[in-house]
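[1] Structural data only, the sequence is not supplied:
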Ligand SMILES: [Zn+2]
């Protein structure tokens, strides 16, 4: 299979692909509770797998994933209300207060300031490496606004066009985003089934899955639904990428 991970490729492998199609994808995510059935890195893992799918079906290369430096104040652990946060803390086996304290610390540290600065620096790096179109994929939805802020701060340089997406926002007419529920779990079941364990959820329908927002994944999430979502997002993204590329050439 054709390699697509920029950081794993030699310059002689990168050059012909970049010269023909100077598009790169930047997956972004955080560490956050995603139900008992999903890994805590779901957002970044999902965004990475999506980026690789897009690169294979649209073209371009995948850059290393951005995991760190987010505003730690908008997480399931400290943002879903005290009752759910207590259950999540129990699931982690950690004190809930630690996550609230970190939210306060993040606020004092300027919320998204660090992350936006990292992204702006990253855009310079990507364009120095010759990319003309950058697709950022916000696996964690609260990254989306700051990603747009960073893109807006960078685009006046004229060095690249930046397309900022979450994923489901491309196909909102047919699909709905959620947190660890039907949508996100289905994407994982399609893209990274090795990391999902549906049997970790209580089969009792009266017991709501902890820290899961959206349509119940039990009986509703499937690899097939994830596949449909990926195909729809790819068809919606392709014309945007081609248009941005045409505008840069
Ligand atoms: Zn998520």
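    Thanks, I have the structure now. Everything numeric in this text was worked out from a predicted model, so none of it was measured.

[2] what ranges do the strands span in the protein?
    For the chain, the strands defined by DSSP state E cover 23-28, 61-62, 133-138, 161-165.

[3] Of all these, which one comes closest to residue 194?
    When the strands of the chain are ranked by proximity to residue 194, the top entry is strand 23-28, at 17.7 Å, counting by C-beta to C-beta. No exception for glycine: its C-beta is placed from N, CA and C like everyone else's.

[4] who does that closest one touch, helix- and strand-wise?
    Packed against strand 23-28 by the contact rule (3 or more C-beta pairs under 8 Å, 6 or more residues apart in numbering; DSSP states H and E) you find helix 42-57, strand 61-62, helix 113-128, strand 133-138.

[5] Ok, which of the ones you listed comes nearest residue 199?
    Once the helices and strands packed on strand 23-28 are compared by C-beta to C-beta, helix 42-57 is nearest, at 17.3 Å.

[6] Counting by contacts, list what that closest one packs against.
    Short answer (3+ C-beta pairs under 8 Å, 6+ apart): helix 42-57 packs on strand 23-28, strand 61-62, strand 133-138, helix 182-191, helix 223-248.

[7] still on that earlier bit, most packed of the helices and strands packed on strand 23-28?
    strand 133-138 (a mean of 27; mean count of other C-beta atoms under 10 Å).

[8] okay, the angle between it and helix 113-128?
    Interaxial angle, strand 133-138 versus helix 113-128 (axes from the mean of the first three to the mean of the last three C-alpha atoms, to 10 degrees): 150 degrees.
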